[in-house]
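**Student:** Turn this into a model:
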Amino acid sequence: MTARERAGIYVHVPFCLTRCGYCDFNAYAGLDHLASPYVSALLREAELAAPGWSEDEIVSVFLGGGTPTTLEVADLKALLARLRQGYPVAPDAEVTIEANPDTVDRPKLEGLLEAGFARLSMGAQSFDPSVLASLERLHDPASVRRAMGDARAAGYANVNLDLIYGADGEHLESWERTLRETVDLAPEHVSAYALTIEPSTPLGRKVQHGVVPAPDPDLQADMFELACELLGDAGYQHYEVSNWAKPGFACVHNLGYWERRPYLGLGAGAHSYRDDRRWWNVRPPEEYLSLVGAGTLPVGGEESLEPSDAYLEEVFLRLRILEGVPLSWVEPEKAAPFLESGLLLVDQDGALVPTERGMLVLNELVLALAG
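**Tutor:** Prediction:
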């Protein structure tokens with residue numbers, strides 16, 4: 001009997017209180033009236049997709065968005081119960097729910113924890129009010145502190161805080177304060193992402209028209225190095241380019257993406273992957289509801305990776321999570337200059353691994369090593 005493959009399930013909830021100017025996710029404000037039929041559609045899609053995943057072991061479930069905590073606890077509980085009934089979800093599977101600090105309080109968090117959502121991921125982004133305003137976030141720093149206190153009081157022992165650095169008006173001192181406030185709150189996991197400008201977003205259009213300056217890459221590099229230093233000093237392990245965790249708290253679900261394990265995406269615009277094939281659902285919630293309501297899997301497109309593309313992706317992802325690539329994969333003359341410059345090192349297992357400085361130029365490293 002062959003071992004079952006470890007897999008994950010991602011559930012996309014596209015509803016938000018407001019749409020932030022930098023956001024390029026499939027998220028919408030003002031569609032709250034679709035919440036109930038959307039939950040029903042998720043339950044139906046889960047039923048339609050289940051036969052293709054019966055031989056796997058589901059080791060993680062992740063509800064993202066959007067803001068899943070805009071939904072009622074009863075609906076979220078029913079959704080998770082359906083997934084456990086219809087899929088081979090491991091008893092100790094990691095179950096995460098994303099939250100905006102303004103959409104949770106202690107009673108709601110107690111309900112979510114009781115329902116089985118044992119890992120909480122909150123979008124803090126910054127502890128500087130001016131940076132939050134630049135990002136068009138509705139919450140303020142006090143909301144994050146309150147939500148974190150409520151999470152602890154509710155019994156949460158596995159919390160992630162999401163941070164974004166490099167927004168207009170943010171400077172190194174401001175970012176240092178955000179990092180120190182984050183460390184003071186002692187989440188088990190921290191994600192810190194450099195702000196990227198997507199042309200299709202309101203912020204992207206402002207940058208294009210010169211209303212707002214683009215992020216300064218040199219400043220963002222300094223901010224990244226500061227995050228490495230301060231989070232490392234606080235006992236967080238840097239296990240992926242943008243992610244740090246206390247020992248034992250690396251995100252199982254996100255590691256699945258980086259380790260190229262299979263995953264099923266449910267919901268409008270959600271992506272799925274298995275064996276170098278990707279497919280994705282239609283993005284508009286109304287179209288998603290229509291297709292699922294007709295008893296059809298709402299697939300909007302698919303692609304299969306060519307062997308060369310799969311190899312390039314394998315190298316990129318192995319380097320992202322510091323697993324490294326075997327020396328035998330790379331021609332010595334290609335690796336030599338990066339080893340000499342301190343962007344790569346050879347670890348104790350004989351694999352090529354990026355240093356923290358090397359992570360800043362990961363795309364260039366991959367193209368030079370695997371090209």
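**Student:** Relative to Lys246, how far out is the spatially closest residue to Glu181 that is not a sequence neighbour?
**Tutor:** With Cβ to Cβ, 6 or more residues apart in numbering as the criterion, Glu181 has its nearest non-adjacent residue at 4.2 Å, and that residue is Phe127. To be clear about C-beta, it is placed using only N, CA and C from the backbone, and glycine gets the same treatment. With the distance defined as Cβ to Cβ, to the nearest Å, Phe127 ends up 20 Å from Lys246.
**Student:** check contacts around the residue nearest to Glu181.
**Tutor:** With contacts defined as Cβ atoms under 8 Å, 6 or more residues apart in numbering, the neighbours of Phe127 are 141, 144, 177-178, 181-182.
**Student:** Can you give me the pLDDT of it?
**Tutor:** pLDDT for Phe127: 96.
**Student:** helix/strand/coil for it?
**Tutor:** Phe127 carries the three-state label coil when classified by DSSP: H, G, I helix; E, B strand; the rest coil.
**Student:** Asp168 now?
**Tutor:** Reduced to three states by three-state DSSP, Asp168 is coil.
**Student:** still on that earlier bit, strands - which of the contacts of Phe127 land there?
**Tutor:** Residues of the contacts of Phe127 located in strands (DSSP state E): none.
**Student:** Among these, which ones are in helices?
**Tutor:** When these are checked against helices using DSSP state H, the ones located there are 141, 144, 177-178, 181-182.
**Student:** For those residues, work out which two are farthest apart.
**Tutor:** Farthest pair in the ones in helices among the contacts of Phe127 (Cβ to Cβ) is Val144 and Arg177. Separation: 13.1 Å.
**Student:** Please say which of these two ends up with more neighbours.
**Tutor:** With neighbours defined as other Cβ atoms under 10 Å, Val144 and Arg177 compare such that Val144 has more, 24 against 14.
**Student:** Tally up the residues packed near the closest residue to that one other than its chain neighbours, please.
**Tutor:** Taking Cβ to Cβ, 6+ apart as the measure, Val144 lies nearest to Ala124, with 4.5 Å between them; neighbours along the chain are not counted. Taking other Cβ under 10 Å as the criterion, the count of residues near Ala124 is 28.
**Student:** show me the contacts for Ala124.
**Tutor:** Residues near Ala124 by Cβ under 8 Å, 6+ apart: 101, 144, 161-163, 182.
**Student:** for the residue nearest the centre of the chain, what are its contacts?
**Tutor:** The chain has Asn254 as the residue nearest its centroid, 6.4 Å off, counting by Cα atoms, centre = their mean. Asn254 makes contact with 62, 240, 243 under the criterion Cβ under 8 Å, 6+ apart.
**Student:** Out of those, who's the most crowded?
**Tutor:** Counting neighbours by other Cβ under 10 Å, the one among those with the most is Phe62, which has 25 neighbours.
**Student:** Quick one: classify that residue as helix, strand or coil.
**Tutor:** Under the three-state scheme (three-state DSSP), Phe62 adopts strand.
**Student:** so Leu219 touches Asp168, yeah?
**Tutor:** No - using Cβ atoms under 8 Å as the test, Leu219 is too far from Asp168 to be in contact (11.2 Å).
**Student:** any chance you could map the strands in the stretch 101-250 of the chain?
**Tutor:** 119-125, 159-165, 189-194, 237-240, 243-245 (DSSP state E, counting those that start in this stretch).
**Student:** so which strand or helix has Ala90?
**Tutor:** strand 89-99 (DSSP states H and E).
**Student:** what sits up against that strand?
**Tutor:** So strand 89-99 is contacted by 9, 57-69, 76, 80, 83, 112, 116-123, 147, 160, 251-253 (Cβ under 8 Å, 6+ apart).
**Student:** try 7 Å
**Tutor:** Judged by Cβ atoms under 7 Å, 6 or more residues apart in numbering, the contacts made with strand 89-99 from elsewhere in the structure are 57-65, 67-69, 80, 83, 112, 116-122, 252-253.
**Student:** mind showing which ranges of this protein have poor pLDDT?
**Tutor:** Along the chain, segments meeting pLDDT under 70 span 1-3, 19, 21-24, 201-202, 371.
**Student:** Can you give the domain ranges for it?
**Tutor:** According to automatic domain parsing, the chain comprises the domains 6-258, 307-370.
**Student:** distance between the last one and the chain's centre?
**Tutor:** Spelled out, it's domain 307-370. Here domain 307-370 is found 23 Å from its chain centre; the criterion is Cα atoms, centre = their mean, to the nearest Å.
**Student:** Look at that domain and report the distance between its end residues.
**Tutor:** From the first residue to the last, domain 307-370 extends over 13 Å; the measure is Cα to Cα, to the nearest Å.
**Student:** Likewise for stretch 348-356?
**Tutor:** Between the opening and closing residues of stretch 348-356 lies a distance of 17 Å (Cα to Cα).
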